[in-house]
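>>> This is a predicted model, with the sequence first.
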Amino acid sequence: MLSIIPGNKVSELDSSYILDQGITSWDLMERAAISFCSWFKGRKNFEDKPVFIFSGPGNNGGDGVAIARILAAFHLEVNLIVFDAIDHCSKDFQINYKKLPSTVKVFKIEDFDFRIDVHAVIIDGIFGVGINRPLEGKFKEAIDRLNTFDCQKIAIDIPSGIPADGLLQGSAFRADYTVTFQFPKLSLLFPEHGEYTGEIFVADIGIQDNFLEKFASGKYFIQQRDMRPLHKTFHKFSHKGDFGKVLLIGGSKGKVGAMVLASTAALRTGSGLVHGFIDESERIILQTAAPEVMVAFKEELENLAKFDAIGIGPGWGLNVDLKFYESLLKNYKKPIVIDADGINLLASHPDLIQNIPQGSILTPHIKEFERLTGNVSNHVERLQKAKDFAVEYGLFLVLKGAYTSISCPDGKQFFNSSGNQYMATAGSGDVLTGMITSFLGQGYTPLNATICGVFHHGLAGELASFENKRGTIASDIIKCIPKTYLELGID
Ligand SMILES: NC(=O)C1=CN([C@@H]2O[C@H](COP(=O)(O)OP(=O)(O)OC[C@H]3O[C@@H](n4cnc5c(N)ncnc54)[C@H](OP(=O)(O)O)[C@@H]3O)[C@@H](O)[C@H]2O)[C@@H](O)CC1
Ligand SMILES: Nc1ncnc2c1ncn2[C@@H]1O[C@H](COP(=O)(O)OP(=O)(O)O)[C@@H](O)[C@H]1O
Ligand SMILES: [K+]
């Protein structure tokens with residue numbers, strides 16, 4: 001899986017990789033520029049448009065200069081705007097500058113009139129991971145001005161101004177797209193930076209995963225290519241017992257829908273048998289809405305061990321029998337998935353937390369997480385708290401949102417790449433609970449069940465919203481779960 005390397009390790013990674021491969025730093029920059037340009041050429045919306053590339057003094061600027069040369073070779077109109085005297089710029093910037101063809105028009109920033117047509121494309125190569133202080137002077141002025149333009153804007157590696165691992169202070173380039181090299185920089189995944197990064201694309205520059213791992217920080221980016229090996233294989237003689245028997249607990253007056261969604265999602269994910277335990281007065285609704293789900297009775301819960309996995313919380317309400325909750329946590333010996341009111345009850349009765357089976361999976365959204373662990377002022381703090389919580393209690397903590405993070409008992413953190421804003425719709429989280437419970441019941445380890453759950457959920461959301469866009473609802477996501485297997489080539 002792709003490691004996320006801290007920004008301050010990138011130049012060490014660079015030097016070590018160059019030495020190992022017997023290549024030069026210029027070669028690596030060239031790979032980055034080629035990778036950027038092939039992404040650029042693959043997007044029809046930039047075709048034949050004039051390009052304005054802004055290059056700072058470091059290697060991010062150097063990338064910009066190399067990109068200027070390559071795009072000019074495709075006969076695009078290319079304008080390059082530089083901020084510093086060329087002999088003050090990085091070595092590879094200078095090498096690339098000498099290679100520029102005469103068709104590239106070069107301007108010094110102080111001479112540039114900012115006449116940029118709305119149909120043009122602006123490319124930001126001002127600062128990359130080497131930024132070490134907030135923007136000031138000519139850099140800040142230029143970026144503030146560029147942010148007022150309506151044309152398409154692309155950031156090279158990271159929008160200039162944003163530090164690779166921390167929070168933005170002051171101005172930064174507002175990109176529609178960020179093409180980041182080899183791995184996403186951690187700060188691109190923070191909600192605080194969403195309005196600056198636009199869509200993120202990871203451009204491969206050929207550094208192998210095992211090489212990156214030497215500089216790893218225990219943070220990983222989950223991508224489509226990781227999915228197949230995590231899946232179990234089933235065969236012609238597999239029977240419904242092999243696909244797991246799961247129990248979902250939740251639902252209360254007016255909130256049975258959450259159980260309908262979670263249990264149907266578990267079936268669509270592949271569970272062989274799904275039982276739902278729900279308040280007696282509401283059972284008929286569950287049975288009618290989801291006939292494939294078996295309604296469980298209290299006496300059946302006396303032997304919890306017969307269930308391969310349990311998911312608890314969707315639509316449960318807060319008015320539940322705490323003794324029942326406590327005994328369930330104490331008596332079930334395998335990991336449990338806990339969501340929604342299951343988490344809210346832990347927040348109001350923290351003494352229950354110690355009873356949760358090791359390796360269980362909690363899936364709070366940001367509000368639920370803060371109820372559980374207290375308020376935080378930003379995502380850096382939130383991620384640290386999530387990690388501390390997972391390590392302290394030996395649990396997996398899934399912090400839901402864009403780039404959902406999974407914090408593990410060993411301190412590792414995984415960030416999901418699938419999904420989109422159209423999934424922010426009522427019941428979408430209940431679908432996720434059903435999916436993770438299903439994978440757990442199919443015999444996946446808690447980590448693999450969680451990774452597969454969040455990735456398939458996000459992918460189902462992408463497929464569901466392809467046509468439905470902002471009209472996407474949670475049931476659409478469920479309908480698309482089977483297609484996620486097709487998409488990933490999994491039988
Ligand atoms: N392995 C990879 O991933 C590859 C990485 N590559 C690329 O290299 C990029 C990193 O390049 P980099 O290290 O040269 O840093 P970069 O961001 O260009 O700027 C540093 C310069 O800016 C200055 N400076 C800093 N802050 C400032 C401020 N606020 N205001 C003013 N000045 C400021 C600082 O000098 P200082 O003033 O601090 O002495 C220094 O001169 C990376 O993002 C990617 O695009 C690819 O080419 C190849 C493969
Ligand atoms: N902008 C987004 N990008 C990707 N996924 C998102 C986004 N917004 C929400 N989601 C996903 O949708 C789900 C919403 O869950 P939750 O907030 O618990 O909803 P509910 O309580 O309505 O079921 C989560 O899995 C979350 O990761
Ligand atoms: K940049």
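Everything's here; your move. Ligands and ions are numbered 1, 2, ... in the order given.
>>> could you pull out the strands for the stretch 251-400 of the chain?
273-277, 294-295, 309-312, 336-338, 361-362, 396-399 (DSSP state E, counting those that start in this stretch).
>>> what pLDDT, on average, does the first one get?
Pointing back at strand 273-277 there. Strand 273-277 carries an average pLDDT of 97.
>>> now that strand, how far from the centre of its chain.
Relative to the mean C-alpha coordinate of its chain, strand 273-277 is positioned 30 Å out (Cα atoms, centre = their mean, to the nearest Å).
>>> cool, the last one as well?
Using Cα atoms, centre = their mean, we find the averaged C-alpha position of strand 396-399 to lie 13 Å away from the chain's own average C-alpha position.
>>> which other helices and strands contact it?
Identification of packing neighbours for strand 396-399 by 3 or more Cβ pairs under 8 Å, 6 or more residues apart in numbering; DSSP states H and E yields strand 361-362, helix 366-373, helix 379-393, strand 405-407, helix 446-468. For the C-beta atoms, the positions are set from N, CA and C on the backbone; glycine is no exception.
>>> CA atoms only: put the last one into CSV for me.
Just to be clear, that refers to helix 446-468. What follows is helix 446-468, C-alpha atoms only, in CSV (Å, rounded to 0.1, in the frame of the first residue of the first chain):
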residue,chain,number,x,y,z
PRO,A,446,-10.8,-6.5,11.4
LEU,A,447,-8.3,-4.4,9.5
ASN,A,448,-9.1,-5.9,6.1
ALA,A,449,-12.9,-5.8,6.8
THR,A,450,-12.5,-2.1,7.6
ILE,A,451,-10.4,-1.2,4.6
CYS,A,452,-12.6,-3.2,2.2
GLY,A,453,-15.7,-1.7,3.8
VAL,A,454,-14.7,1.9,3.4
PHE,A,455,-13.2,1.4,-0.1
HIS,A,456,-16.2,-0.5,-1.5
HIS,A,457,-18.6,2.0,0.2
GLY,A,458,-16.8,5.0,-1.4
LEU,A,459,-16.7,3.3,-4.7
ALA,A,460,-20.4,2.4,-4.5
GLY,A,461,-21.1,6.0,-3.7
GLU,A,462,-19.1,7.1,-6.8
LEU,A,463,-21.0,4.7,-9.0
ALA,A,464,-24.4,5.7,-7.5
SER,A,465,-23.7,9.4,-7.9
PHE,A,466,-22.5,9.1,-11.5
GLU,A,467,-26.0,9.9,-12.8
ASN,A,468,-27.8,10.9,-9.6
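>>> Need the residues that contact the next helix or strand after that helix.
Next along the chain after helix 446-468, taking DSSP states H and E as the criterion, comes helix 474-488. For helix 474-488, the external contacting residues (Cβ atoms under 8 Å, 6 or more residues apart in numbering) are 224, 227-228, 231, 261, 264-265, 268-269, 423, 425-428, 430-431, 435, 456-457, 459-461, 463-465, 468, 491.
>>> again, only this time at 7 Å
Residues from elsewhere that reach helix 474-488 (Cβ atoms under 7 Å, 6 or more residues apart in numbering): 224, 227-228, 261, 264-265, 268-269, 423, 425-428, 430-431, 456, 459-461, 463-464, 468.
>>> Which ones, among those residues, also lie beside ligand 2?
The subset of those within reach of ligand 2, by Cβ under 6 Å from any ligand atom, is 423, 426-428, 430.
>>> Which of the residues you listed fall within helices?
428, 430 (DSSP state H).
>>> Of the ones next to ligand 2 among the contacts of helix 474-488, which is the most crowded?
residue 430 (30 neighbours; other Cβ atoms under 10 Å).
>>> That residue reaches residue 314, doesn't it?
Yes. When contacts are counted by Cβ atoms under 7 Å, residue 430 is listed as touching residue 314 (4.2 Å).
>>> returning to what we had before: turn the strands of the stretch 251-400 of the chain into TSV, including distance to ligand 1 and mean neighbour count.
Putting those into TSV (distance: least, Cβ to the nearest ligand atom, whole Å; neighbours: other Cβ atoms under 10 Å) gives the following:
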stretch	distance to ligand 1	mean neighbour count
strand 273-277	46	23
strand 294-295	53	18
strand 309-312	40	29
strand 336-338	37	29
strand 361-362	33	27
strand 396-399	27	26
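>>> Figure out which of the ones you listed is closest to ligand 3.
Ranking the strands of the stretch 251-400 of the chain by proximity to ligand 3 (Cβ to the ion) places strand 396-399 first, at 27.4 Å.
>>> and that closest one with ligand 2, contact?
No. Counting by Cβ under 6 Å from any ligand atom, ligand 2 has no neighbours in strand 396-399; the shortest distance is 8.1 Å.
>>> neighbouring contacts of that strand?
So strand 396-399 is contacted by 361-364, 366, 369, 382, 386, 389-390, 404-408, 446-447, 450, 454 (Cβ under 7 Å, 6+ apart).
>>> again with stretch 242-256
Residues outside stretch 242-256 that contact it (Cβ under 7 Å, 6+ apart) are 234, 258-259, 262-263, 266, 270-279, 281-282, 285-286, 296, 306-317, 434, 437-438, 441-443.
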